[in-house]
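J.: Any chance you can model this:
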Amino acid sequence: MSKRTKGQSRWRMRVLVVEDNPKAADSLAALLRQAGHEVEVATDGPTAVSAAENQHPDVVLLDIGLPGLCGWEVAKTLRALPANKRPLLVALTVFGEDVDRRRSREAGIDLHLTKPVDPDRLQQLLGRFRSIVAPPEDG
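T.: Have a look, this model is predicted:
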């Protein structure tokens, strides 16, 4: 879990947005930054793997249809990381058929959401995850 800055009561999470559409990536990153998260963006599979290995995000929001490596291959690679380095993997994709959801589960993706995703729903999900993994408040 990411650090808390002085005077800040909410923990910021490190979020890696993996999306090959630049406008969609920028919009999602801006939304997450506005909510106080630290955000990195990767636009292809190999860059996503490298960023996750180097930045150790808490959450990866992962498109499936990516150049270089598809999102399912990225997920399989990230699931091979040591347990204390594994992020929450959330698929954000247009692929919403049962077979796609099954492939996501098999690849180790924790949650499969189809686009367009309601920004409020995404914030709620991230808030729930943060409440589970964040250390207790000082006080």
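J.: CA only for contacts and neighbour counts going forward, please
T.: OK.
J.: Tell me who's in contact with residue 77.
T.: For residue 77, the contact set (C-alpha atoms under 8 Å, 6 or more residues apart in numbering) comprises residue 49.
J.: Could you do residue 85 as well?
T.: When the contact criterion is C-alpha under 8 Å, 6+ apart, the partners of residue 85 are residue 56.
J.: so how far is residue 55 from it?
T.: From residue 85 across to residue 55, the span is 10 Å (C-alpha to C-alpha, to the nearest Å).
J.: Any buried residues in the top helix by length along the chain, and which?
T.: Using DSSP state H to define each element, the chain has its longest helix at helix 119-133. For helix 119-133, the neighbour count (16 or more other C-alpha atoms under 10 Å) marks 126, 130 as buried.
J.: As CSV, could you dump the C-alpha coordinates of that helix?
T.: In CSV, the C-alpha atoms belonging to helix 119-133 read as follows (Å, rounded to 0.1, in the frame of the first residue of the first chain):
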residue,chain,number,x,y,z
PRO,A,119,-16.4,5.9,-12.7
ASP,A,120,-18.3,5.9,-9.4
ARG,A,121,-18.4,2.1,-9.3
LEU,A,122,-14.7,1.9,-10.0
GLN,A,123,-14.0,4.4,-7.2
GLN,A,124,-16.2,2.3,-4.8
LEU,A,125,-14.3,-0.9,-5.7
LEU,A,126,-10.9,0.8,-5.2
GLY,A,127,-12.2,2.2,-1.9
ARG,A,128,-13.2,-1.3,-0.7
PHE,A,129,-9.8,-2.7,-1.7
ARG,A,130,-8.0,0.1,0.1
SER,A,131,-10.1,-0.4,3.3
ILE,A,132,-9.1,-4.1,3.3
VAL,A,133,-5.4,-3.7,2.8
